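> let me see the structure of the following:
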Amino acid sequence: MNRLKAYEIFLRNNPQYFNKVVLIMVVVPGRVGVERYQKTKSEIDEYVGKINGEFGNIEWTPGIDVMLVTPLRDGMNLISKEFIASKRDGKGVLILSETALVNPNDISEIAN
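Numbers count the residues shown, from 1 in each chain. Reported below is the predicted structural model:
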């Protein structure tokens, strides 16, 4: 949820990016059938709907092609390198957390 909250703050503080950025978030629950994971997935879906409803318009659904790496313990992993390798068109942004560079628990820092 911190990533979505940070993105919401980013949009609120940076209206010049409306119609220019899109957040693409792939959420894959680690254990299908675990009630807590399903609840978290539902909460994420609802928050995405809230952001789209508040900031979106008929021509634009908010988001950005960003790889946001915010591991809590393990540091950077191959996903970052895979993201860069997949961007043949040169578009997109890679953001690394403090445990990879940006503190994953500081919503305002992620938004900045």
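> any regions of this structure where pLDDT drops low?
26-33, 63-79, 96-101 (pLDDT under 70).
> can you give me the helices for it?
2-13, 35-55, 78-86, 107-111 (DSSP state H).
> could you dump these to JSON lines with mean neighbour count and distance to V22?
Quick note: C-beta positions are derived from backbone N, CA and C, even for glycine. What follows is the helices of the chain, written out as JSON lines (neighbours: other Cβ atoms under 10 Å; distance: least, Cβ to Cβ, whole Å):
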{"stretch": "helix 2-13", "mean neighbour count": "18", "distance to V22": "10"}
{"stretch": "helix 35-55", "mean neighbour count": "13", "distance to V22": "10"}
{"stretch": "helix 78-86", "mean neighbour count": "12", "distance to V22": "15"}
{"stretch": "helix 107-111", "mean neighbour count": "17", "distance to V22": "16"}
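> can I get those helices in CSV including distance to I95?
Shown next, in CSV, are the helices of the chain (distance: least, Cβ to Cβ, whole Å):
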stretch, distance to I95
helix 2-13, 9
helix 35-55, 17
helix 78-86, 10
helix 107-111, 7
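> among the ones you listed, which comes closest to P62?
Smallest distance to P62 across the helices of the chain (Cβ to Cβ): 4.7 Å, for helix 35-55.
> show me what the closest one is packed against.
If you count contacts as 3 or more Cβ pairs under 8 Å, 6 or more residues apart in numbering; DSSP states H and E, helix 35-55 packs onto helix 2-13.
> can you tell me what sits against the helix it packs on?
For helix 2-13, the external contacting residues (Cβ atoms under 8 Å, 6 or more residues apart in numbering) are 17-18, 23, 25, 44, 47-48, 50-51, 54-55, 62-64, 68, 70, 104-105, 107-108, 110-112.
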